[in-house]
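1. Sequence and predicted structure are below.
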Amino acid sequence: MTNTGFERGSNQHIRIHVLPTKRFKTFAISLYVGTPLKEDTVTSTALIPFVLRRGTSSYPETIQFREQLEELYGAGFGFDVYKRGDHQIIQFRMDTINDSFVQSSDKLLDRSFAFLGEVVTSPAKENGHFRSSYVQQERDTVRKRLESIVNDKIRYAGERCIEEMCKGEPYRLHPLGERKDLPGIEPEGLYRSYEQWLQNAGMDLYVVGDTTLEEVEELVEKYFHLNRNTSFEYKTEVSSRQHREVQTVVEKLNVNQGKLNMGLRTSITYGDDQYASALMYNGILGGYPHSKLFVNVREKHSLAYYASSRYDGHKGIATIQSGIEIPNYEQAVEIITNQLSDLKEGKISDLEMNQTKAMIRNLLKEIGDSAFEMISYDFNRQLSGKERTTMELLTQIESLTKEDVQKAAETFQLDTIYFLRDQKGE
């Protein structure tokens, strides 16, 4: 397990984070580009990286673009679009072999930056804007991805629970945006959105590998032609909604199996000192196969095909997911809410404490084995403003008592019950 070890710098209002190490045979490069989640920009922002991956000014055809990666000894390139708290994050990733392992005359890190810089800042264009064929095709790609959520009822129920729970909040939005907005996005308008995004988004560039901060700063200067004049800072908005009556939403669709989802709010976020306790709370509740939900709802009472929980520490929200037989709805709600009550009353066994600590310990130790996991963990400090190494978090986890977990449990309040059921019945 490492301390952060990242060296920090900046260039053109891009925050630069470099971990010089000879441990890996590759250079891991990640560029995070983050903006506030907003209804009027979420769909166009999500579409941008799909269009950018189609071609650049030097390699305008998609086949040339892919050949360029082959010339980098089969470098990996990809991107993700997701949300962290109330922010929409686009992460570009490159994985390039270190020159010392191949017969290469030029520096592969340099060539990787030339490629990534061009992808992000110099896309293929026609008439001064994005190629219309690329925009049209990638609108279809995003539409299909959004449609696939509707077809996957587990994901659909999860998204709908968040939508209902966070009405009027940015967090309700899906990071890929909304299908209804896609047809109206034209190449000219999308290009204008892209220019604003480049100018105003938060940018964090990470490199893990056998390099130095100075080298990376020079490469950014050389290949990222941005002329940015602002630097966007992330802010964590704790869900300030006052505790309210639990709302119940029942939706009917053509399904055979019921999907029972619940949303909880907590005041504890990633930047809090109680964050370790909230992680333990989620682990004991439903994070692992030994958790209360799995054991009591699924194993003991055979009420659920699956039952688990997740915690978003950047938003202060936990969600419970379960798949149940439709007639078992009331019994399932009762048994799940009993688990929440037991945690608030401190009904936690030594075994639950020890097993959960062991699971979290393993996860934290594994972070040090993967360059991209180390990058992802460090990016949490950018989002939250909280410096906390994996070692520090592990030490906090190890020292937690049942009372600490109980105190955290008292902050988690049930907010929304969402049930997706068939069209028959009441």
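-> It's in. Residues are numbered from 1 along each chain as shown.
2. Against which helices or strands is the one helix or strand residue 357 maps to packed?
-> Assigned by DSSP states H and E, residue 357 belongs to helix 350-367. Applying 3 or more CB pairs under 8 Å, 6 or more residues apart in numbering; DSSP states H and E, we find helix 350-367 packed against helix 275-282, helix 371-384, helix 390-399. Every residue, glycine included, has its C-beta placed from N, CA and C.
3. make it 7 Å
-> helix 371-384, helix 390-399 (3 or more CB pairs under 7 Å, 6 or more residues apart in numbering; DSSP states H and E).
4. got the angle for the helix or strand following the last one vs helix 275-282?
-> Translated: helix 390-399. Counting by DSSP H and E, the element after helix 390-399 in chain order, helix or strand, is helix 402-411. Counting by axes from the mean of the first three to the mean of the last three CA atoms, to 10 degrees, helix 402-411 lies at 80 degrees to helix 275-282.
5. In which helix or strand does residue 63 reside?
-> Assigned by DSSP H and E, residue 63 falls in helix 62-71.
6. contacting residues around that helix?
-> 54, 55, 56, 59, 75, 77, 115 (CB atoms under 7 Å, 6 or more residues apart in numbering).
7. Now the element after that helix, going C-ward?
-> Following helix 62-71 in sequence, per DSSP H and E, is strand 76-84.
8. quick one, what contacts residue 393?
-> 276, 364 are the contacts of residue 393 under CB under 7 Å, 6+ apart.
9. repeat that with 10 Å
-> Contacts here follow CB atoms under 10 Å, 6 or more residues apart in numbering; on that basis residue 393 touches 1, 275, 276, 279, 360, 364, 367, 377, 380.
10. first vs last residue of stretch 236-253, how far apart are they?
-> 35 Å (CA to CA, to the nearest Å).
11. And for stretch 64-83?
-> So stretch 64-83: terminal residues 31 Å apart, CA to CA.
12. list the buried ones in the helix-or-strand element of the chain with minimal mean pLDDT?
-> Taking mean pLDDT, DSSP states H and E as the measure, the chain has helix 62-71 as its least confident helix or strand, at a mean of 85. For helix 62-71, burial by neighbour count (16 or more other CB atoms under 10 Å) applies to 65, 68, 69.
13. sorry, back to before: contacts for the helix holding residue 357, please.
-> 1-2, 276, 279-285, 287-292, 295, 343, 348-349, 373-378, 389-391, 393-394, 397-402, 405.
14. Could you rerun that using 8 Å?
-> With contact meaning CB atoms under 8 Å, 6 or more residues apart in numbering, helix 350-367 is reached by 1, 279-280, 283-284, 287-288, 290-292, 373-374, 377, 390, 393-394, 397-398, 400, 402, 405.
15. go on, stretch 247-262?
-> Contacts for stretch 247-262 (CB under 8 Å, 6+ apart): 153-154, 156-158, 160-161, 164-165, 304-305, 319-326, 328-329, 332-333, 336, 414-423.
16. swap the cut-off to 7 Å and go again
-> In contact with stretch 247-262 (CB under 7 Å, 6+ apart) are residues 153-154, 157-158, 160-161, 164, 305, 319-326, 329, 332-333, 336, 414, 416-423.
17. ends of that stretch, how far apart?
-> 10 Å.
18. Off-centre distance for that stretch?
-> 25 Å (CA atoms, centre = their mean, to the nearest Å).
19. Can you mark which positions in that stretch are buried?
-> So for stretch 247-262, counting by 16+ other CB under 10 Å, buried means 255, 258, 259, 260, 261, 262.
20. now that stretch: mean pLDDT?
-> For stretch 247-262, mean pLDDT is 95.
21. go on, stretch 197-209?
-> Mean predicted lDDT for stretch 197-209 stands at 96.
22. Any buried residues in that stretch, and which?
-> 197, 198, 201, 202, 203, 204, 205, 206, 207, 208, 209.
23. Can you flag which of the residues you listed belong to helices?
-> 197, 198 (DSSP state H).
24. out of the buried residues of stretch 197-209, who's nearest residue 220?
-> Closest approach to residue 220 among these (CB to CB): residue 205, at 6.5 Å.
25. I'd assumed residue 12 was in contact with that closest one.
-> No - with contacts defined as CB atoms under 7 Å, residue 205 does not count as touching residue 12, sitting 10.3 Å away.
26. can you list the weak-confidence ranges in the protein?
-> Scanning the chain for pLDDT under 70 picks out 1-4, 102-106, 237-243, 425-426.
27. Where is the longest helix in it?
-> Max-length helix for the chain by DSSP H is helix 132-151.
28. for that helix, packing partners?
-> So helix 132-151, by 3+ CB pairs under 7 Å, 6+ apart, packs with helix 42-52, helix 153-165, helix 187-200.
29. re the thing from before, just the buried ones from the contacts of helix 350-367?
-> Buried, going by 16+ other CB under 10 Å: 279-280, 283-284, 287-288, 290-292, 373-374, 377, 390, 393-394, 397, 400, 402, 405, out of the contacts of helix 350-367.
30. before we move on, the earlier item: closest to residue 226 out of the helices and strands packed on helix 350-367?
-> That would be helix 371-384 among the helices and strands packed on helix 350-367, by CB to CB, at 18.3 Å.
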